[in-house]
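Chemist: Give the three-dimensional model of this entry:
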Amino acid sequence: QILRRLANDGPAKGNPKATVTLIEFADFQCSFCRKFWQTTLPRIETQYISSGKVRFVYRHFALLGKPSVAAAQASECAHEQGKFWEYHDKLFASAGSPLAFTEGKLKGYAQEMKLKSKDFNQCLQSAKYLKKVDGETTAAVSLGARGTPAFFLDGQMIVGAQPFEVFEAAIEKELKRTSSSGKPKSQGAH
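Modeler: Predicted coordinates for the structure are as follows:
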């Protein structure tokens, strides 16, 4: 049940009717999450997300302190203005520098992206997404994730920033399974 809910509500890319769903639980400060974003996600996107075979869902697993929680909330504020993925990319691109996620920097990224500053700043200062970020972090732990990034491919956990080939093998296996059964597996099973 948790996975089905997490798969349906929040930032996602790809075909909403794809038979296979890949959920990433990540922290914007996590260097392995950043590595996945730099090296593996573009290949998954080209081969599976853009082709409509896989739906990719991003979930917060804010483990590394206050800056992680602030960045996660800021990305949700960007999502309100339809710019989650652009903001997500900006956060990972900036994560290598110290103090990348101060309130001033988070607001600055929003300005660079031409988001409505007043709305974004109010959203961030109100902490309206704190409960969502905390809830997703708690959900990740309850599903058995112990570190970032953690992935669930139709309920099956893949731990860490694995190379593309690991995802490719798992996705291909799942695509075969869902096409042979003729219907997607319930998201709740794992």
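Chemist: I'd like to know how far residue 19 sits from residue 111.
Modeler: For residue 19, the distance to residue 111 (CB to CB, to the nearest Å) stands at 40 Å. Any C-beta I mention is one placed from the backbone N, CA and C, and that applies to glycine too.
Chemist: do residue 15 as well
Modeler: The gap separating residue 15 from residue 111 is 33 Å, by CB to CB.
Chemist: Kindly report the same for residue 171.
Modeler: Look at residue 171 and residue 111: by CB to CB, they are 37 Å apart.
Chemist: Specify the beta-bridge partners of residue 56.
Modeler: Beta-bridge partners recorded for residue 56 (DSSP bridges): residue 13, residue 22.
Chemist: Burial check on it, number of neighbours?
Modeler: Burial measure for residue 56: 21 neighbouring residues, criterion other CB atoms under 10 Å.
Chemist: list the contacts for it?
Modeler: Each residue near residue 56 by CB atoms under 8 Å, 6 or more residues apart in numbering is listed here: 12-14, 21-22, 24, 41, 44-45, 49.
Chemist: ok, for the spatially most central residue of the chain, nearest residue in space, not its chain neighbours?
Modeler: Nearest to the mean C-alpha position of the chain, counting by CA atoms, centre = their mean, stands residue 58 at 2.0 Å. Sequence neighbours aside, residue 11 is the residue nearest to residue 58 in space, at 4.7 Å (criterion: CB to CB, 6 or more residues apart in numbering).
Chemist: can you check residue 94 too?
Modeler: Excluding its sequence neighbours, the residue lying closest to residue 94 (CB to CB, 6+ apart) is residue 100, at 4.4 Å.
Chemist: mind listing the helices for the chain?
Modeler: Ranges of helices in the chain, per DSSP state H, are 2-8, 31-35, 41-44, 66-80, 84-94, 103-112, 117-126, 130-142, 164-181.
Chemist: Using CSV, write down the CA coordinates of the last one.
Modeler: If I follow you right, that is helix 164-181. Only the C-alpha atoms of helix 164-181 are listed here, as CSV (Å, rounded to 0.1, in the frame of the first residue of the first chain):
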residue,chain,number,x,y,z
PHE,A,164,23.4,1.4,-15.3
GLU,A,165,23.8,-2.3,-16.1
VAL,A,166,22.2,-3.3,-12.8
PHE,A,167,19.2,-1.2,-13.5
GLU,A,168,19.0,-2.3,-17.1
ALA,A,169,19.0,-6.0,-16.1
ALA,A,170,16.3,-5.5,-13.4
ILE,A,171,14.1,-3.3,-15.7
GLU,A,172,14.4,-5.8,-18.6
LYS,A,173,13.4,-8.6,-16.3
GLU,A,174,10.4,-6.7,-15.0
LEU,A,175,9.3,-5.6,-18.5
LYS,A,176,9.4,-9.2,-19.6
ARG,A,177,7.4,-10.3,-16.6
THR,A,178,4.8,-7.6,-17.0
SER,A,179,4.4,-8.2,-20.7
SER,A,180,4.0,-12.0,-20.2
SER,A,181,1.4,-11.5,-17.5
